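# Here's my sequence, what's the structure:
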Amino acid sequence: MKYISTRGAIEPISFSQAVMMGLASDGGLLLPEKLINVDERQLDEWGRLDYPSLAHEIISLFSGDIDQDVLKELIDVSYSTFDVEEVTPLVQKGQLYVLELFHGPTLAFKDVALQFLGNLFSHLLKEQNSYMNILGATSGDTGSAAIYGVKGKDNIDIFILHPHGRVSKMQALQMTTVADKNCFNLAIKGTFDDCQAIVKTIFNDLEFKERYRLGAINSINWARVLAQVVYYVYAALKLRGQGHERVSFSVPTGNFGDIFAGYVAKVLVEPLIGKLILATNENNILTRFVVEGVYERGRVVQTISPSMDIQIASNFERYLYYLFNQDPERVKKAMSKFDSQGVIRFSKEKIKQARKDFSSYSIDQKETMDTIGSFYREFGYVCDPHTAVGIAAANRYLSDNAETTPEGPVVCLATAHPCKFPEAVEKAIGRPVDIPEKIRGLEKLPQRYEVMPPDVERVKEYVERNGIYK
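Presented below is the predicted three-dimensional model:
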């Protein structure tokens, strides 16, 4: 399997090259030359596998240049760090199913991909006798998951930018209390979009990127998306085993990475996955795309679901590539227009096409809080604000389709443990949130981070001063 750019200006490269490149050198995002659809026999075989074995089967389809025994070992080691054998257990609550993605080291869904990516980076660097400075931006959970994926590893330094004061206290502590000398935290005086823009600008400085061997851990890295494809297929196969031939998913998302993984999974196991319900908070640029056919940058609103406080969805370009019939020139023109004017408008034909894949709902903070409280009172289940956004969107979808036959049961992605957002959750359920043993006492540890303005040159200078350079 070879990889190409959404903007069409690079020669096809291998999976390993795509992992190390991160952002394509022409400014686009990397994608496999073709998406894969498996047959009924394959689905039957996959339905009998445990999570690591299924991950090996799926990832191997897209990573032909990695030795299969090595790949299996990387996957097994990555998921041995999770608290439950199932890795991503599926539980039923009323008419909804909840896919728990928070059983990894940092209690967030990002662990599913970043434990694997950290081990993959380490393997490739050792194989190439090389080094890497990872540079990434986080709206909350990516940062800690990435740090926990590479902390203490040889030949890797990691620099994470987060919006100062705009992530939860627990999210910040999970990043800034890591004492390993290869981990650096930059608290940027701005929004996540500011952090993301800095990272993308630096990656587009090809001379700097090459000199410091920059690597990407954000969902611009294809391996992140690929690892997330697995849990969609895993949940769909479990429900297939219970007699459900079609399953829909409700996905809280701001950056479009997680739900794009759902899109890849939808193609992979068609027709097993039905509708993808795109759930946003007040930062609803993606909902406006699905509902109104307009992708338009707005002002970032600070909410109780901070990982979704985003107005520029970096993975949206990948979906554009397929929406525009895999025409890289059209993608490039659209993204250029968005960069200069802040808006892309879509034809009725393209809106109709997008709505075949997605439904979308924007959930405000009041409805989010109400959902946390009502779900707890009805089922005794405590969910974090992001998961609550997905549950509320799923309930709206079922209500809107009450007179028709919905596309199978709805699985809601539980993206973080509620202890990461204790203030909002405690207010909603009326009692303190249980704190897992692994993160107790973080507030007593010393923190290591540097506050700076959203200045590209300041960040580059910091990387130059502190990163690995041979």
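
# which stretches of the stretch 1-150 of the chain form helices?
Remark: helices assigned in the stretch 1-150 of the chain by DSSP state H, counting those that start in this stretch are 15-21, 40-46, 51-61, 68-79, 110-128, 141-150.

# for the third one, the distance to its chain's centre please.
Between the centre of helix 51-61 and the centre of its host chain there is 18 Å, according to C-alpha atoms, centre = their mean, to the nearest Å.

# Show me what that helix is packed against.
Packed against helix 51-61 by the contact rule (3 or more C-beta pairs under 8 Å, 6 or more residues apart in numbering; DSSP states H and E) you find helix 68-79, helix 222-240. No exception for glycine: its C-beta is placed from N, CA and C like everyone else's.

# Need the residues that contact it.
With contact meaning C-beta atoms under 8 Å, 6 or more residues apart in numbering, helix 51-61 is reached by 1, 36, 46, 49, 66, 68, 71-72, 75-76, 79, 86-88, 116, 226-227, 229-231, 233-234, 237, 268.

# can you check the second one too?
For helix 40-46, the external contacting residues (C-beta under 8 Å, 6+ apart) are 38, 54, 57, 233, 237, 240, 269, 272.

# Redo the helices of the stretch 1-150 of the chain as a markdown table? Include distance to Glu443 and mean pLDDT.
Below are those laid out as a markdown table (distance: least, C-beta to C-beta, whole Å; pLDDT from 0 to 100):
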| stretch | distance to Glu443 | mean pLDDT |
| --- | --- | --- |
| helix 15-21 | 35 | 96 |
| helix 40-46 | 43 | 96 |
| helix 51-61 | 33 | 98 |
| helix 68-79 | 28 | 98 |
| helix 110-128 | 21 | 95 |
| helix 141-150 | 15 | 93 |
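
# Most tightly packed of these?
Comparing those by mean neighbour count (mean count of other C-beta atoms under 10 Å), helix 141-150 ranks first with a mean of 28.

# Can you name the next helix or strand after that helix?
As assigned by DSSP states H and E, the chain's next helix or strand after helix 141-150 is strand 156-163.

# of the helices and strands packed on helix 51-61, which approaches Glu464 most closely?
Among the helices and strands packed on helix 51-61, the nearest to Glu464 by C-beta to C-beta is helix 222-240 (25.9 Å).

# tell me the average confidence for the closest one?
Mean pLDDT, helix 222-240: 97.

# quick one: that helix to helix 110-128, angle?
Relative orientation of helix 222-240 and helix 110-128, computed by axes from the mean of the first three to the mean of the last three C-alpha atoms, to 10 degrees: 130 degrees.

# so helix 222-240 versus helix 51-61, what angle?
In terms of direction (the same axes, to 10 degrees), helix 222-240 departs from helix 51-61 by 130 degrees.

# Next SSE downstream of helix 222-240?
The first helix or strand that comes after helix 222-240 along the chain, using DSSP H and E, is strand 247-252.

# And Ile468, how close does it get to Gln128?
To Gln128, Ile468 is 14 Å away according to C-beta to C-beta, to the nearest Å.

# residues shared between the contacts of the two?
Common contact partners of Ile468 and Gln128 (C-beta under 8 Å, 6+ apart): none.

# any idea of the pLDDT on Gly408?
Listed pLDDT for Gly408 reads 85.

# The spatially closest residue to Val199 that is not a sequence neighbour pairs with what?
Using C-beta to C-beta, 6 or more residues apart in numbering and skipping the chain neighbours, the partner closest in space to Val199 is Ala137 (4.7 Å). For Ala137, the beta-bridge partners are Leu161 (DSSP bridges).

# Run a quick check on Ala137 versus Thr191, I expect a contact.
No. If you go by C-beta atoms under 8 Å, Ala137 and Thr191 don't touch, sitting 10.3 Å apart.

# Of those two, which one has the most company?
Ala137 (28 against 23; other C-beta atoms under 10 Å).

# mind checking how far the more buried one is from Leu276?
Going from Ala137 to Leu276 by C-beta to C-beta gives 24 Å.

# next one: Ile202
To Leu276, Ile202 is 32 Å away according to C-beta to C-beta.

# one step back: I'd like the helices and strands packed on helix 51-61 laid out as CSV, including distance to Leu101.
As requested, the helices and strands packed on helix 51-61 are exported to CSV (distance: least, C-beta to C-beta, whole Å):
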stretch, distance to Leu101
helix 68-79, 12
helix 222-240, 6
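
# out of these, which comes closest to Gly22?
Taking those one by one with C-beta to C-beta, helix 222-240 is closest: 8.6 Å.

# what stretches of the protein score poorly on pLDDT?
405-406, 470 (pLDDT under 70).

# Next, the residue of it positioned farthest from its centre: secondary structure please.
In terms of distance from the mean C-alpha position of the chain, Glu403 ranks first, at 33.1 Å (C-alpha atoms, centre = their mean). Three-state call for Glu403 (DSSP: H, G, I helix; E, B strand; the rest coil): coil.
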